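**Q** output the structure for:
(2 chains)
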Amino acid sequence: MTQPLRTVDLLPIPSTQGAEPQSRGLGGLLALSAGAERAFPLLGVKVRASIVGPCARTVIEQRFHNPLSVTLDVVHIFPLPEDGAVVEVELICGDLVVRAECQEREQAAARFAEAQAAGHRAALLSRERDDVHTLRVGNLPPGEEVRVRVVIVERLDSVDGRFVWRFPTTIPPRYLPGEAVGHSGPGVLPDTTAAPDASRLQPPVLLGNGAPLDLEVMVAGPLFALESSLHAVSMGLEGGGARVAPSASARCDRDFVLHVSTADAKALTPRAWTDGAFTLALFEPPGAALAPQLPRDAVFLIDISGSMDGEKLDAAKRAVIAAVHGLMPGDRFQLIAFDDRVEPQHSYLTEVTDQTLQKADVWVKRLRARGGTEMLPALKAGFSLPPVAGRLRTVLFITDGQAWNEGELVAAVANRRQGALLFTLGIDTAAAGALLKKLARAGSGTCELLTPQEDVEAAVARLEARFGSPLITNLVAEGRVSARTEPQVVFAGRPAALLVEGDGPITLRGDSPSGEHRVTLTPTRAPMPLGALWGRERIAALEDRLAVRPFEEEAILPEIRRVALAHHLASRCTSFVAVETGRVVTGPKTEIVQPHALPLGWSEGMAGQAMASAPMMPSAMPAPMPAPGGAPTRSRAQAAPPPDVSMMDCMMMESDADDEAPSASELRRESAKSKKAAPPRAAQPIRAAAPPPPPPAPAKQELAEKEAAPAPQGSADAFLAQTQGADGSFGHDPRRTAAALLVLLLCGSTRFKGLRRRAVAKAAAALEAHRALSEVSLALDALAAAESGAPVTPSESWRSLGDAGPEGVALLGLLR
Amino acid sequence: MTHPDLHPADLTLDALEAAAGRLLARLPGAPEDDRVSAAPDARTLRYYQTLGLMDKPSRYDGRQAIYGRRHLLQAVCVKLLQRAGRSLQQAQVALAGATDLALEAAVIDGLGLETPSAAQSAPRPTDPFAPLPEPVAKPLVSAQLAPGIFVMIDPSLVPDPAAMIRRLTGACR
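**A** Have a look, this model is predicted:
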């Protein structure tokens, strides 16, 4: 006996040739999702950068393919270095290379739309924000590939004698405040009242690995040290410089950060370079003494939004604690934590005492990451207390900077700061440098970008040197047309960079507390793209002005367009468009917006939180969607292992004839000396209090000569900076304080140089009243000797301080 | 001919949630507490958007996002893939660039929607962007002739499937 079992629906086999395989019902989709890894259109990114002094030229090649059986339009919203300017774009179809033209934005878009409609392959590159660009590739035929080559130039920031090159590879999900008003762009977030361009900025989040990254940097020599904080790198000597690349296969999931110390770091500034038509001058007053400081009212704004969860918040806490402990007697401070609420520790400024420092430590350590990143109320709160005459107000903004409402934030800082200085400290593996640099410029301060893996205490100690009044104000290049029309300020360790028209000797003039500063520099010839950089800097200055004075739009926008077209740069008014007319692609079409992987250390929960608390969605996304089949929804507990951290210090033996570089042997001696001065391992008992150093990752070494870097993490002097009392003493004991001062001296700091100059200054001030004690006067004399330039030479009598508490133990450890 | 339930009018996010829920309710045995099988709520739909699993809204009506047919198909497809044991990551790959046609075919297939014949079908809302009607599914009759032996018969081509099955079963003995 038989019976019909059931009725089933089956799709007929498509009779039309070339029909999509996906249109075979659910089975088609299941096959696609289960089969061999079908990639998204972006197959890989190849980056070739060349760094010459303070300039970098980077060629970025994005390779796209069409995995579908229909014609594809690709939208790729991608990051570029915020200080970079796109100067060249090429569309490469097989052997055909089509060079893109720089046109007015609307004109370029119209040309692209026309080509798209006509079935021509085409590419359009538009700049949306300093760090966000959109590349559209039109009419990619099924199964085929095109490449788009983008060339950018940028001027590198000089931070404490090192040039920093930071290459972003992914756009993390950033928080979007405001109410949704529309959705004009291809991104996944709507336009809102707070960020009217937001729909053009946020690519979808890619679940799974980012596209492969093939990156290589050539750094022109002579070099002293190279350091990469987020990748293990390998290096090779080449033509007087070094070739640097990630030593393991890299993916687009974090910034690539390279710190470059040139062998002539001491002769770094003042310096000038020219390409014949434009001149770049770097200026920091040589041997600048500790600027006389007004008593400070320091406000600390700490981002505790969901995206800070994990190691970022841990690093932020360490930074706050280090910065608060760096305050001088007589300073006052206020701590404010924020997410979508603003929570100050106190609504007023607190005197620095041992008790308030201790309470601050406890309060900071209790902070937990929570909601959305509402920066506007936080910044308003930071500037809410009225300024006090005779005191310097500083605001330190510690955040990952992952929010989209840049315009209103910059305007708020500029309009509300009332003379206060805003310093920004960004902590992330994919830093939001564009926003944080803009905020710092609007706040007349500096921006520091850190990775959570870096030694935060050391970074804050460096920052302390400039976390106050600038060394020089009103710095101008006399009689020259400067890219930035407003005068510059110079902070310790952060030289001003002036880009001016013309070549020949350049005279810089500025005001310092000790009077007028004037210096004339003769630029050296260098193959640097200074014209494009001048144009970019001029546009950046105009953009900064526009953010604060939106009502001047009618005057500013045409000027941006004029400069961009004159220098062939992508800007908010100009785009690059390339059309390949040799072929017509027909048939059905679809579009894919290329998704981007989450940055290293981010979890999907954080992504949900950042974006799902966007408009129309008041509650945060609680957790990643559970997925069946053991799908990798990465929780924090099983998050990726800590990244490879490599501190690759190297010595380059090549000596450039043009540069007065110290000879190789001199360098080696210098390095050996600094090694000797570094605290030996004997200081272990004290180091226990310091945070554990990140796991070292042995980097592949191709270098002929390689000096192991003395690890800066958790050194004895870092410990001292944290235990120093509010009055500058250690345990209110002159002998312990004297021992601590000697340790700081041995670690290379005086009141005028070194990481811990502030701690030295505080200790020295506390000791002045106890000069009668012989051990105290011994320490103060040693300080005076060190500051007069003599090398620190320990004497046998220092050992008598060995019984002076933990500081004495540390001193003995160093003397051994 | 496509299914009328797949041609909604303009949907707010809440209406989209409800429409997807109605479609997914056709699937047997979706336990309420199973988040994979449950119909997506508004929050989940927003999450789909951030992953690119669902397109941006069709338009805005004032400050209200308006969704349409493609969004409904995308939301249901994600759930169908999840119920078939696929992760969101796999769904992201499979649905990238999927055309309306492919989505609709998958939904009709996955939900086992009967396609009404032309005579029965109610006039559906006109959708200028809808693809041309295409024959999508045919009901077939399947039967087991003997343990391990199955046949499928297209009743539009075989006048009396039951008689045919009887004959075939006899031949199998």
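
**Q** centre-most residue in the chain?
**A** Went with chain A since none was named. residue A:449 (3.8 Å; CA atoms, centre = their mean).

**Q** other chain: chain B
**A** Nearest residue to the geometric centre of chain B (CA atoms, centre = their mean): residue B:107, 1.7 Å.

**Q** just for the chain, where's the confidence low?
**A** No chain was given, so I picked chain A. For chain A, the stretches with pLDDT under 70 are A:1-24, A:34-38, A:263-269, A:286-292, A:604-716.

**Q** right idea, wrong chain: chain B
**A** Scanning chain B for pLDDT under 70 picks out B:1-4, B:29-37, B:114-139, B:173.

**Q** same thing but at 80, please
**A** The model of chain B has pLDDT under 80 over residues B:1-9, B:27-38, B:113-145, B:147-161, B:171-173.

**Q** contacting residues around the residue nearest to the centre of chain B?
**A** Shown in contact with residue B:107 (CB atoms under 8 Å, 6 or more residues apart in numbering or on different chains): A:26, B:6, B:23, B:73, B:76-77, B:80, B:113. Yep, even glycine has a C-beta here, placed from its N, CA and C like the rest.

**Q** show me chain B divided up by domain.
**A** B:4-111, B:141-172 (automatic domain parsing).

**Q** and the last one, does that touch chain A?
**A** Yes - Domain B:141-172 comes into contact with chain A when judged by CB under 8 Å from any CB of the partner chain, the residues involved being B:141-145, B:150, B:152, B:161-162, B:165-166, B:169.

**Q** for residue A:89, state which of those residues is nearest.
**A** residue B:152 (55.5 Å; CB to CB).

**Q** neighbours around that closest one, how many?
**A** 11 (other CB atoms under 10 Å in any protein chain shown).

**Q** does the residue nearest to the centre of chain A touch residue A:426 like I think?
**A** Yes - at 4.5 Å, residue A:449 counts as touching residue A:426 under the criterion of CB atoms under 8 Å.

**Q** so what sits against both of the two?
**A** A:433, A:436.

**Q** deepest of the domains of chain B, which one?
**A** domain B:4-111 (a mean of 20; mean count of other CB atoms under 10 Å in any protein chain shown).

**Q** how far does the host helix or strand of residue A:435 sit from the chain's center?
**A** Per DSSP states H and E: residue A:435 is located in helix A:433-442. Relative to its chain's centre, helix A:433-442 lies at 11 Å (CA atoms, centre = their mean, to the nearest Å).

**Q** beyond it, next helix or strand please.
**A** Trace forward from helix A:433-442 with DSSP H and E and the next one is strand A:447-450.

**Q** ok, residues contacting that following strand?
**A** Outside strand A:447-450, the residues touching it (CB under 8 Å, 6+ apart) are A:159, A:164, A:166, A:315, A:319, A:423-427, A:431, A:433, A:436-437, A:439-441, A:456, A:459, A:463.

**Q** which ones, among these, also lie beside chain B?
**A** The subset of the contacts of strand A:447-450 lying close to chain B, counting by CB under 8 Å from any CB, is empty.

**Q** settle this for me: residue A:776 is touching residue A:738, isn't it.
**A** Yes - with contacts counted by CB under 8 Å, residue A:776 reaches residue A:738, the gap being 4.9 Å.

**Q** looking at those two, which is more packed in?
**A** Taking neighbours as other CB under 10 Å, residue A:776 and residue A:738 compare with residue A:738 leading, 32 against 21.

**Q** which helix or strand contains the more buried one?
**A** helix A:734-746.

**Q** again with residue A:557
**A** Going by DSSP H and E, residue A:557 is in helix A:553-567.

**Q** which helices and strands does that helix pack with?
**A** strand A:101-104, helix A:530-548, strand A:574-580 (3 or more CB pairs under 8 Å, 6 or more residues apart in numbering or on different chains; DSSP states H and E).

**Q** still on that earlier bit, so which of the contacts of residue B:107 are in helices?
**A** A:26, B:23, B:73, B:76-77, B:80 (DSSP state H).

**Q** and the residues you listed, which two are furthest apart?
**A** A:26 and B:23 (13.3 Å).

**Q** would you mind measuring from residue A:52 to residue A:532?
**A** Distance check for residue A:52 against residue A:532: by CB to CB, to the nearest Å, it reads 14 Å.

**Q** the two: which is more packed in?
**A** Under the criterion of other CB under 10 Å, the comparison of residue A:52 against residue A:532 puts residue A:532 first, with 25 against 17.

**Q** need the helices for chain B, in chain order.
**A** B:13-24, B:42-50, B:69-83, B:88-95, B:100-111, B:161-172.

**Q** kindly reformat the ones you listed as CSV containing distance to residue A:747.
**A** Formatted as CSV, the helices of chain B follow (distance: least, CB to CB, whole Å):
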stretch, distance to residue A:747
helix B:13-24, 59
helix B:42-50, 48
helix B:69-83, 58
helix B:88-95, 49
helix B:100-111, 65
helix B:161-172, 92
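
**Q** follow-up on the earlier one: output the domains of chain B in CSV; the columns should cover distance to residue A:758.
**A** Output for the domains of chain B, formatted as CSV (distance: least, CB to CB, whole Å):
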stretch, distance to residue A:758
domain B:4-111, 44
domain B:141-172, 83
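
**Q** and the helices of chain B: which comes nearest residue A:191?
**A** Of all these, it is helix B:42-50 that lies closest to residue A:191, at 14.2 Å by CB to CB.

**Q** that closest one and chain A in contact?
**A** Yes - counting by CB under 8 Å from any CB, contacts between helix B:42-50 and chain A involve B:42-44, B:46-47, B:49-50.

**Q** now do the contacts for residue A:456.
**A** Per CB under 8 Å, 6+ apart, neighbours of residue A:456: A:315, A:318-319, A:322, A:427, A:450.

**Q** among the residues you listed, which pair sits farthest apart?
**A** A:322 and A:427 (12.7 Å).

**Q** now residue A:727, nearest residue through space, not along the chain?
**A** residue A:329 (5.1 Å; CB to CB, 6 or more residues apart in numbering or on different chains).

**Q** host element of that neighbour?
**A** With DSSP H and E as criterion, residue A:329 is part of no helix or strand.

**Q** my guess is it meets residue A:765, correct?
**A** Yes - between residue A:329 and residue A:765 there is a contact under CB under 8 Å: 7.4 Å.

**Q** which neighbours do these two have in common?
**A** residue A:728.

**Q** helix or strand right after whichever strand or helix holds residue A:181?
**A** Assigned by DSSP H and E, residue A:181 belongs to strand A:180-182. Later in the chain than strand A:180-182, the nearest helix or strand by DSSP H and E is strand A:191-192.

**Q** packing partners of the helix or strand that that following strand is followed by?
**A** Downstream of strand A:191-192, the next assigned helix or strand under DSSP H and E is strand A:205-206. With contacts defined as 3+ CB pairs under 8 Å, 6+ apart, the packing partners of strand A:205-206 are strand A:596-597, helix A:604-612.

**Q** rerun at 10 Å
**A** Packing partners of strand A:205-206 (3 or more CB pairs under 10 Å, 6 or more residues apart in numbering or on different chains; DSSP states H and E): strand A:596-597, helix A:604-612, helix B:88-95.

**Q** what is the orientation angle of the last one with helix B:42-50?
**A** What that stands for is helix B:88-95. Between helix B:88-95 and helix B:42-50, the angle comes out at 60 degrees (axes from the mean of the first three to the mean of the last three CA atoms, to 10 degrees).

**Q** does helix B:88-95 reach chain A?
**A** Yes - contact of helix B:88-95 with chain A (CB under 10 Å from any CB of the partner chain) involves B:88-95.

**Q** can you put those in a markdown table and add distance to residue A:751?
**A** Shown next, in a markdown table, are the residues of helix B:88-95 next to chain A (distance: CB to CB, whole Å):
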| residue | distance to residue A:751 |
| --- | --- |
| B:88 | 57 |
| B:89 | 56 |
| B:90 | 61 |
| B:91 | 62 |
| B:92 | 57 |
| B:93 | 60 |
| B:94 | 64 |
| B:95 | 63 |
